[in-house]
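1. For reference, the sequence and a predicted model appear below.
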Amino acid sequence: LTDTFTLNNGVKIPVIGFGTWQTPDGDVAYQSVLDALKAGYRHIDTAAAYGNEASVGRAIKDSGIPREELFVTSKLWNDSHSFEAAKIALDKSLQLLGLDYLDLYLIHWPNPLINRRNWDKANAETWRYMEDANTDGKIRAIGISNFQIEHVEALLKTATIAPMVNQLFVNPSDLEKDIVAFNNEHNILTEAYSPLGTGSLLEVPQINDIATKYNKSAAQVLVRWSLQHGFLPLPKSTHAERIEQNADVFDFALTDEEMTALDQLEGVAGTHQDASQADF
Ligand code: A2P
């Protein structure tokens, strides 16, 4: 859990992050983040849109872990796609989290709520603010989430700092091969949210067969699959024993054959709607 990837700006990021999407604000978010920190996670992933930043921040503070040992990510919501709005959004996230800097800040989706047709201009302006905040040290690394190739290409036209991360819905049922290859070519780390397919992959027989062989759980096989592809998985749970289990993945490795077999499960959980194209 203290292993790190190095981002393209030299910042080190712990290889497994604790996901908090769909974790309700209040006691549940507070307790699960505390449990994660107790279990050894040092990387917490939240977002303005998750509505739980205040509880996440409270858990971070109460854990007593020195700030510099933690890696905290948040994301800018779709109502804040401009230079000015991005500044307000970042300040609000920092205030709710009780932090004076973020380790990573992402544009949550490429689609602004307002003026959607001009998404490229909106993202470029938002990015300009994020670059400034990165240069000022208010955010140690900057990135994007749910961006497909066309969205990243548009951003790179005006960016002076290339994104360090693209966080995507990636798991054996959703390989996202094209954008993952694009990220790799551009030295952008792929973070995998919902590495367990929001839980939908945990009963898949092929995954459980592999798990049985290693005396591990399906969830642990899925986290390994992400890591061995070079992704940074962000498993989410609100149960202490699962939180621990999802990070206990460093005592086994999947074979090449097993990785290939898992890749062949594409689509097994049904079609995942590409919400980057959807209307919010
Ligand atoms: P819960 O939060 O009740 O523990 P993903 O990370 O792909 O979004 O998946 C999260 C879902 O998977 C949640 O429903 C979570 O339930 C469940 N989950 C997470 N870890 C485990 C685990 N080790 N075993 C079983 N279910 C898990």
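-> Alright, I've got the coordinates.
2. Now do the strands in the stretch 51-200 of the chain.
-> Counting by DSSP state E, counting those that start in this stretch, residue ranges of the strands within the stretch 51-200 of the chain are 71-76, 102-107, 139-145, 165-169, 189-193.
3. The third one packs against which elements?
-> Under the contact criterion of 3 or more C-beta pairs under 8 Å, 6 or more residues apart in numbering; DSSP states H and E, strand 139-145 touches strand 102-107, helix 119-136, helix 149-158, strand 165-169, strand 189-193. (Each C-beta comes from the backbone N, C-alpha and C, glycine too.)
4. Stretch 5-13: end-to-end distance?
-> The separation between the terminal residues of stretch 5-13, taken as C-alpha to C-alpha, to the nearest Å, is 5 Å.
5. re earlier: what about the helices and strands packed on strand 139-145, which gets the closest to Ala253?
-> strand 189-193 (17.5 Å; C-beta to C-beta).
6. Nearest spatial neighbour of Tyr101, chain-adjacent residues omitted?
-> With sequence-adjacent residues excluded and distances taken as C-beta to C-beta, 6 or more residues apart in numbering, Tyr101 is closest to Lys138, at 5.5 Å.
7. right, and the one you found touches Ser93 too?
-> No: using C-beta atoms under 8 Å, Lys138 and Ser93 do not qualify as a contacting pair, with a distance of 10.7 Å.
8. what is in contact with these two at once?
-> Counting by C-beta atoms under 8 Å, 6 or more residues apart in numbering, the shared contacts of Lys138 and Ser93 are Leu102.
9. between the two, which one's more packed in?
-> Ser93 (24 against 17; other C-beta atoms under 10 Å).
10. Could you report the neighbour count for the nearest residue to that one once chain neighbours are set aside?
-> Computed as C-beta to C-beta, 6+ apart, the closest residue to Ser93 that is not its neighbour in sequence is Ser74, at 4.5 Å. Other residues within reach of Ser74, judged by other C-beta under 10 Å, total 30.
11. Identify the bridge partners of Ser74.
-> Listed beta-bridge partners, Ser74: Tyr105 (assigned using DSSP bridges).
12. Roughly how far does it sit from the ligand?
-> In this structure, Ser74 and the ligand are separated by 17 Å, where distance is defined by C-beta to the nearest ligand atom, to the nearest Å.
13. Could you do Ile60 as well?
-> Distance of Ile60 to the ligand, given as C-beta to the nearest ligand atom: 19 Å.
14. How about the contacts made by that residue?
-> Applying C-beta under 8 Å, 6+ apart, the residues near Ile60 are Val33, Leu37, Ile44, Leu70, Val72, Leu97, Gly98, Leu99.
15. ok so, going back, adding mean pLDDT, write the strands of the stretch 51-200 of the chain out as JSON lines.
-> Below are these laid out as JSON lines (pLDDT from 0 to 100):
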{"stretch": "strand 71-76", "mean pLDDT": "98"}
{"stretch": "strand 102-107", "mean pLDDT": "98"}
{"stretch": "strand 139-145", "mean pLDDT": "98"}
{"stretch": "strand 165-169", "mean pLDDT": "98"}
{"stretch": "strand 189-193", "mean pLDDT": "98"}
